[in-house]
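Student: Turn this into a structure:
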Amino acid sequence: MTAYSDLTLTDLVTLLQTRQMSATEALEAHLARIDEVNGAINAVVTLDEDRARAEAREADRRLAASGADRDVPELLGVPMTHKDSIATRGMRTTFGSPLFADNVPDRSAWLIDRLEAAGVVTTGKTNVPEFAAGSHTFNPVFGTTVNPYDTTRSAGGSSGGAAAAIAAGIQPAGDGSDTGGSLRTPGSFCNLVGYRPSLGRIPLGPGRNPWTWMSRQGFLARCTEDIRLLMRQVSGAHPDSPVPAREDGAFDRRRRRSLHGLRVAWSPDLGLGVPVEPEVLRVLTAQLETLRALGAEVVEAAPDLRDADRVFLTTRAYDFAASYGDLVRERGAEIKATMRQNVEDGLGLGVDDLFANDAARARLHQATTAFFRDVDVLVTPAVQVLPFDADLEFPTEVAGAPTPHYLDWMRAATLISATGLPSLSVPGGFSSGGLPVGLQMVTADQADGLLLDVAQTFEEATGFADVRPQMGAAAGAGVPQAVGV
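Tutor: Below is the predicted model of the structure:
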């Protein structure tokens, strides 16, 4: 049997549903892997083994009672840690902040409710930056999470703990969230698929502002098929959400296995001169031939994103102020400076700023809608840099260009966040030093099924997702070359 640490989520579900592995066996393998590798990467920061074992025993009871019909939730018995900024009932959820170091929520986020209804065994929490602000995972409560491919490097963030845990074989997939790249950046750094869905695909709540549009919850996994599996469990309308959900079967099945007839636009700098490290561009530019070999017409083009910086920064500042304004007013001295500045920027917004942001967002929507009438998929670098030194707060330059603001090195992701469109990072190759590089893919609004189809076709053609880090007993393979089809 394949080692637990090498199983995809789809593989694990098959083993559980066919009784070739019990939920208790899966849990013990999960816990053993945490013992084996977590000390080196600091991904899992809270663990409740007693709760998990009780849930696994109950899952085994249900699996045994279901008999041959197997009429049980699809994820029954799957062990999973959750992101430490996503509220989980009865389990410490700190947001990476000393102010919440002992916080135990009495209710879960809807995403966790749906995962648990689907049968997931909740085992613990994964590390995040303080208040999930930033794309490098470190905080004063638990310290820094590092990259399984090189433990001197960043795992990305803010879902960096989840990404490191998945890449290291602790679990095959996991939840996260993404405002400015918090699924796509750790996906890129840790050689995973990091998927940010269209608005409404995963209802966001409960919270103070149920109309929030830019922040999304989503998933990280070693393969696209596992993203599809997870989305079948959690997508769809919630009775308490004012945001409509599209019910179109986007995650039910794969609709295409080639890229024939698709027009793919490649933009190395998103049309705005966004700086990108030469090694990142070298790796990703080589993949254009793979896309052509798969049948796509590849052109170099980008939508007009001139309004995207304004939309991202204004909306993000507003959302942070709405969520944490009171906390910063009362205890700002105990919160990291960059986070405090995010909130203060939001509190300083005036009505003219909000009017201007609405107008900019309207122009941006018009520009991207027009672009995707002629193009099916936009591909770009997911991150402008390779995984960087984990001792840094953030990269201070990209390709020789200074990054005075801690978000500047993330613009390849933040510009796309501002559009509101579905996007993901898929493994796109490796640097000459063996560090993962992610390819970002973007489609029109609600075209999530197409996005996953294209990513899966590319993933299967290249084999990059199969290259695992050498940690513990799991030895990685050599770096494969892109293949023609």
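Student: ranges for the helices of the stretch 101-250 of the chain?
Tutor: For the stretch 101-250 of the chain, the helices defined by DSSP state H, counting those that start in this stretch occupy 110-117, 160-167, 184-189, 224-234.
Student: quick one, which of the ones you listed is nearest to Ala54?
Tutor: Smallest distance to Ala54 across the helices of the stretch 101-250 of the chain (CB to CB): 13.2 Å, for helix 110-117. All C-beta spots, glycine's among them, are computed from the backbone N, C-alpha and C.
Student: Report the angle between that closest one and helix 224-234.
Tutor: Following axes from the mean of the first three to the mean of the last three CA atoms, to 10 degrees, one obtains 100 degrees for the angle between helix 110-117 and helix 224-234.
Student: Check which helices and strands helix 110-117 is in contact with.
Tutor: strand 79-83, strand 121-126, strand 173-178, helix 224-234 (3 or more CB pairs under 8 Å, 6 or more residues apart in numbering; DSSP states H and E).
Student: In TSV: the ones you listed, plus distance to Val264, mean neighbour count and mean pLDDT.
Tutor: Formatted as TSV, these follow (distance: least, CB to CB, whole Å; neighbours: other CB atoms under 10 Å; pLDDT from 0 to 100):
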stretch	distance to Val264	mean neighbour count	mean pLDDT
strand 79-83	31	28	98
strand 121-126	33	27	98
strand 173-178	22	28	98
helix 224-234	17	23	98
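Student: Which of the ones you listed sits closest to Leu421?
Tutor: Closest among the helices and strands packed on helix 110-117, once you apply CB to CB, is strand 173-178, at 12.2 Å.
Student: now for that closest one, which elements pack on it?
Tutor: In this structure, strand 173-178 packs against strand 79-83, helix 110-117, helix 160-167, strand 193-196, strand 216-221, helix 224-234, with contacts taken as 3+ CB pairs under 8 Å, 6+ apart.
Student: Which of those sits closest to Val426?
Tutor: With CB to CB as the measure, strand 193-196 is the member of the helices and strands packed on strand 173-178 nearest Val426 (5.5 Å).
Student: CA atoms only for that closest one - export them in PDB, please.
Tutor: Once non-C-alpha atoms are left out, strand 193-196 reads as follows in PDB (Å, rounded to 0.1, in the frame of the first residue of the first chain):
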ATOM      1  CA  VAL A 193      -2.500  23.700  -6.100                       C
ATOM      2  CA  GLY A 194      -3.800  26.700  -4.200                       C
ATOM      3  CA  TYR A 195      -7.400  27.600  -5.300                       C
ATOM      4  CA  ARG A 196      -9.200  30.800  -4.800                       C
END
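Student: chain center to that strand, what's the gap?
Tutor: 5 Å (CA atoms, centre = their mean, to the nearest Å).
Student: ok, Ala320 to Asp304 distance?
Tutor: Not Ala; residue 320 is Phe. Separation of Phe320 from Asp304 (CB to CB, to the nearest Å): 27 Å.
Student: can you check Ser423 too?
Tutor: To Asp304, Ser423 is 17 Å away according to CB to CB.
Student: Who has more neighbours out of the two?
Tutor: Shown here are Ser423 and Asp304; by other CB atoms under 10 Å, Ser423 has more neighbours (29 against 15).
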